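Q: I would like the atomic coordinates for the input below:
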Amino acid sequence: MKVIILCGGMGTRLREETEYKPKPMVEIGGKPILWHIMKHYSYYGYNEFILALGYRGNVIRDYFLNFYNYNNDFTVDLTNSGNIQIHNASIKENWKVTLVETGEESMTGYRTKLCGKYINEEQFMLTYGDAVSSVDIGKLVEFHKKMDTIGTVTGVYPPSRFGDLVINGDYIEKFKQQLKDVENQSPINGGYFVFKREFLDLIPNSSNINLENEPIDAIISQKQLSVYQHKDFWQCMDTYRDNQLLEKMWKENPVWKIW
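A: So this is what the prediction gives:
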């Protein structure tokens, strides 16, 4: 099963870091948050990634084209056509990464649809490139297969955030409602989706289509969006304050570091 990661947003609320780089390349502990997300999936055996690029996508392209140079010591031999020798490579990832240009101003639904041409399997996963968590991907996939719905979204319960998912048992009834009832304890959309491939056919071929609107609403109307509830750690990186919080956690207690 391949994993699509949405990497094209501008991250305007994190302008201190995203002026010259896309949000997934903002670092935690010296590594892009994108790397942390990929390490998480890789721990559960999912090593094929499709990155939906947009804003400053060349930064991500450059990172993966030079991945081992950025993450290890190396020697450049200028007497031998610039031959590069990697020394004692400490980071070796069993990843296959496909980078897809999806347009700087495209919305999440269209980005997903454009990545669909590289999905040949019956199911795929999808997440956002700006959050880390302790979600058990193995249990998430098991739940999705048990429910046998077109899609599964992971509902998370971060502190001080109002729920935006209206749930009824294991199913979603409404999406992105921005509820204000704290006692309702509704979860929010934490990403970590699993979809059947047929979901791609429900996404209109238009750059202004949001994943969270028409396509999701279509499967909700069929009672085909189930929710995997995750009540443990999840943290997004929307603001510079979030970035500093994650930096602090990385030094003191990186809950999401399971690899």
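Q: in the longest helix seen in the chain, what counts as buried?
A: With DSSP state H applied, the helix covering the greatest number of residues in the chain is identified as helix 240-252. Residues of helix 240-252 classed as buried under the neighbour-count rule (16 or more other C-beta atoms under 10 Å) are D242, N243, L246, M249, W250. C-beta here means a position set from N, CA and C on the backbone, and glycine is covered the same way.
Q: likewise stretch 26-36?
A: Neighbour count says stretch 26-36 has V26, E27, I28, K31, P32, I33, L34, W35, H36 buried, by 16+ other C-beta under 10 Å.
Q: State whether the last one is indeed within a helix.
A: Yes: remark: H36 belongs to a helix, assigned using DSSP: H, G, I helix; E, B strand; the rest coil.
Q: how far away is it from G116?
A: As for H36, its distance to G116 is 25 Å (criterion: C-beta to C-beta, to the nearest Å).
Q: got it, and the fifth one?
A: When distance is defined by C-beta to C-beta, P32 is 25 Å away from G116.
Q: Kindly report the same for the third one.
A: Counting by C-beta to C-beta, the separation of I28 from G116 is 30 Å.
Q: May I have stretch 74-94 as CSV, with CA atoms only?
A: Below are the C-alpha coordinates for stretch 74-94, written out as CSV (Å, rounded to 0.1, in the frame of the first residue of the first chain):
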residue,chain,number,x,y,z
PHE,A,74,31.0,12.7,2.2
THR,A,75,34.0,13.6,0.1
VAL,A,76,33.9,15.4,-3.2
ASP,A,77,36.9,14.5,-5.4
LEU,A,78,37.3,17.5,-7.7
THR,A,79,40.3,15.7,-9.4
ASN,A,80,37.9,13.0,-10.6
SER,A,81,35.0,14.8,-12.2
GLY,A,82,33.5,15.7,-8.8
ASN,A,83,33.1,12.0,-7.8
ILE,A,84,31.3,11.8,-4.4
GLN,A,85,32.2,9.2,-1.8
ILE,A,86,29.7,8.7,1.1
HIS,A,87,31.5,7.8,4.4
ASN,A,88,30.0,5.4,6.9
ALA,A,89,26.4,6.1,5.9
SER,A,90,24.5,6.3,9.2
ILE,A,91,21.1,6.8,7.5
LYS,A,92,19.8,4.3,5.1
GLU,A,93,16.1,4.3,4.3
ASN,A,94,14.3,1.5,2.5
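Q: Averaged pLDDT, that stretch. What do you get?
A: Along stretch 74-94, the predicted confidence averages to a pLDDT of 85.
Q: and what of stretch 122-132?
A: Stretch 122-132 shows an average pLDDT of 97 in the prediction.
Q: Please spell out which residues along it are buried.
A: Counting neighbours by 16+ other C-beta under 10 Å, one finds that the buried residues in stretch 122-132 are Q123, F124, M125, L126, T127, Y128, G129, D130, A131, V132.
Q: Residue ranges in the protein under the pLDDT threshold?
A: Along the chain, segments meeting pLDDT under 70 span 159-164, 176-185.
Q: all helices of it, in order?
A: Shown for the chain, the helices assigned by DSSP H span residues 15-18, 33-43, 57-65, 67-71, 108-115, 137-147, 214-221, 240-252.
Q: Check those helices for me and report the most buried one.
A: Relative to the other members of the helices of the chain, helix 108-115 carries the highest mean neighbour count by mean count of other C-beta atoms under 10 Å, namely a mean of 24.
Q: Confirm for me that G54 is in contact with Y110.
A: No: G54 is beyond contact range of Y110, at 10.0 Å (criterion: C-beta atoms under 8 Å).
Q: anything in contact with each of the two?
A: In the contact map built from C-beta atoms under 8 Å, 6 or more residues apart in numbering, the residues linked to both G54 and Y110 are T102, G103.
Q: From the centre of this structure, give me the residue that's furthest out.
A: If you look at how far each residue of the chain sits from its centre, by C-alpha atoms, centre = their mean, the farthest one is T79, at 42.3 Å.
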